[in-house]
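J.: Mind looking at a prediction? Sequence and model below.
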Amino acid sequence: MTYQEILEAARTCSGPYCKACPVCNGRACKNTMPGTGAKGTGTVAAKNYDAWQDVCLNMDTICENGPVDTRFTLFGQTYGLPVFAGPVGAVKLHYGDKFTDLEYNDILVPACVQADIAAFTGDGTDPAVFAAAAKAIGRNGGKGIPTVKPWDRDTLFQKLDQAKESGAQMFAMDIDAAGLPFLKGLNPPAGSKTVAELREIIEYAGVPFILKGVMTVKGACKALEAGAAGIVVSNHGGRVQDGVPATAEVLPAIAEAVKGRMVVMVDGGIRTGVDVCKALALGADACILARPYVTAVYGGGAEGVKVLTDKIKAELADTMAMCGVHSLAEISRDMIF
């Protein structure tokens, strides 16, 4: 299949909200929740996408004409490129009833392994979702990142035990999910965590822990204080709070503040290998794409994941070559116009 064929196939089964647009820019779905849109005015998702388009790269072809290496190593695991599939839950509600969360992860996790990347898996109010995702990671040699929501302490520790059984080499929490309405109404309540609470969770996890949903230097420093090995600069695609900056706008300052002391990832509106190169030049170590991988699975299953990943890798390699760099380590801020 070609990428266009995957999009066309996805349009036949992705439900009433996601349009599997030629460019996933947050405009057609805007503020559809349930659905794939953003909260309130629905403008943050579009702002994320637009911010990457506003970043320009400097070309430099007066350099050695050598091969480009896109390989990326994270906590001892090496991948073909610095890209991960993002955690997504309730796919049946938001993207259409072709797949349940369990079926989605059963396709996504091994497909990412075959494509030489890894998937952050989702979580939900149904305990079976996280448990099944952890088992999918376990069946694939622990290659995946089980991602838990900020539940109450007992629920969190139960889920971390499941994550440990998967053999995963790193865990994550989308701390920004504290803004999701379905979490606020639970008893015991789920939501924001203090530095002390996070430190206890991270120590219990016993493996490198990534906190997703950091949008300020202050937040990054708190994550570092809590013992996080990495963060994801993320506004949850605009789904948890309206009126916030784009991730590309806050990334440089955050990366500068904690670079070298923790891994810095970023998501939000990243759609191509060109965008990935821009993100790395602005200080990120790696990128996460969520919506595009859902579309890839709905439109092409495991083959869709490979086609999308190969497309991004080729775009990244081409951009690096045209900017005069041959490894990820050579990508720097002076590549930004």
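T.: Done, it's in.
J.: Please, where are all the helices along this structure?
T.: 3-11, 44-54, 91-95, 101-114, 127-139, 153-165, 181-184, 195-205, 217-226, 247-258, 273-281, 291-322 (DSSP state H).
J.: and those helices, which is most packed in?
T.: Neighbour counts (mean count of other CB atoms under 10 Å) averaged over each of the helices of the chain peak at helix 273-281, with a mean of 25. (C-beta placed from N, C-alpha, C; glycine too.)
J.: Need the per-residue pLDDT for the spatially closest residue to F157 that is not a sequence neighbour.
T.: Using CB to CB, 6 or more residues apart in numbering and skipping residues adjacent in sequence, the residue nearest F157 is Y204, 6.2 Å away. pLDDT for Y204: 97.
J.: again, but for N58
T.: 98.
J.: Thought L160 was touching the residue nearest to F157, still the case?
T.: Yes: counting by CB atoms under 8 Å, Y204 touches L160, with 6.0 Å between them.
J.: since we're on I175, how many residues are nearby?
T.: 27 (other CB atoms under 10 Å).
J.: quick one: the residue nearest to F157 and L198, what's the gap?
T.: For Y204, the distance to L198 (CB to CB, to the nearest Å) stands at 11 Å.
J.: now D285
T.: The gap separating D285 from L198 is 21 Å, by CB to CB.
J.: Over to F130?
T.: Counting by CB to CB - F130 and L198 are separated by 19 Å.
J.: just C24 next, same as before
T.: C24 sits 32 Å away from L198, going by CB to CB.
J.: which ones are touching the residue of the chain most remote from its centre?
T.: Distance from the C-alpha centroid of the chain peaks at I62, with 34.2 Å (CA atoms, centre = their mean). Shown in contact with I62 (CB atoms under 8 Å, 6 or more residues apart in numbering): G324.
J.: Look up phi and psi at it.
T.: Main-chain dihedrals, I62, degrees, to the nearest 10: phi -100, psi 80.
J.: just to revisit the earlier point, can you tell which of the helices of the chain is closest to F72?
T.: Counting by CB to CB, F72 lies closest to helix 273-281 out of the helices of the chain; the figure is 9.5 Å.
J.: what helices or strands is that closest one leaning on?
T.: Applying 3 or more CB pairs under 8 Å, 6 or more residues apart in numbering; DSSP states H and E, we find helix 273-281 packed against helix 44-54, helix 247-258, strand 286-289, helix 291-322.
J.: what sits up against the second one?
T.: What it means is helix 247-258. By CB under 8 Å, 6+ apart, helix 247-258 touches 48, 51-52, 54-55, 214-217, 220-221, 224, 231, 233-235, 264, 266-269, 278-279, 282-284, 333.
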